[in-house]
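Student: No letters, just coordinates:
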């Protein structure tokens, strides 16, 4: 017999498939990441975040390092119901996506 688990808070140390994980866990309400720059999606995935409606219920995001304002736009599009976002270190590299 299979018992399902409800996951409400997720800590990702390496985000190889952040978009897939967020879309696969619709009840997730809290997300903690080390860095968004280690999970730069390809152009198609990046544009999908802005064109396809997200069903994510994530309200709280905690990110250790953000390197561009594009990363903030990405997480905002991926988590449109976000109420709070805590960023520990922000280095604004305007030459990157």
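Tutor: Structure's in. What do you need? On a predicted model such as this, the values are computed, not experimentally measured, just so you know. Numbering: from 1, shown residues only.
Student: Which residues are in contact with the most centrally placed residue in the chain?
Tutor: Per CA atoms, centre = their mean, the C-alpha nearest to the average position across the chain is that of residue 75, at 4.5 Å. Residues near residue 75 by CB atoms under 8 Å, 6 or more residues apart in numbering: 36, 61, 63, 82, 85. (C-beta placed from N, C-alpha, C; glycine too.)
Student: mind checking which helix or strand it is in?
Tutor: For residue 75, the host element (DSSP states H and E) is helix 69-78.
Student: On the pLDDT front, check the residue nearest to the centre of the chain for me.
Tutor: pLDDT, residue 75: 87.
Student: Relative to residue 6, how far out is it?
Tutor: Applying CB to CB, to the nearest Å, the value for residue 75 to residue 6 is 23 Å.
Student: do residue 55 as well
Tutor: For residue 55, the distance to residue 6 - CB to CB - is 16 Å.
Student: now swap in residue 67 and tell me
Tutor: For residue 67, the distance to residue 6 (CB to CB) stands at 33 Å.
Student: So for these two, which residue has more residues nearby?
Tutor: residue 67 (17 against 7; other CB atoms under 10 Å).
Student: Tell me how many other residues surround residue 92.
Tutor: Neighbours around residue 92, by other CB under 10 Å: 10.
Student: Could you identify which of the contacts of residue 75 has the most neighbours?
Tutor: Neighbour tally across the contacts of residue 75 (other CB under 10 Å): the maximum, 24 neighbours, falls on residue 36.
Student: residue boundaries of the helices in the chain?
Tutor: 18-24, 43-51, 69-78 (DSSP state H).
Student: Pull out the buried positions in the first one.
Tutor: Along helix 18-24, these residues count as buried under the neighbour rule (16 or more other CB atoms under 10 Å): 18-19, 21-23.
Student: just those residues now: which is nearest residue 48?
Tutor: Nearest to residue 48 out of the buried residues of helix 18-24 is residue 19 (CB to CB; 7.6 Å).
Student: doesn't residue 79 make contact with the closest one?
Tutor: No: counting by CB atoms under 8 Å, residue 19 sits too far from residue 79 to count as a contact (10.9 Å).
Student: show me what contacts residue 28?
Tutor: Contacts for residue 28 (CB under 8 Å, 6+ apart) come out as 7-10, 22, 56-58.
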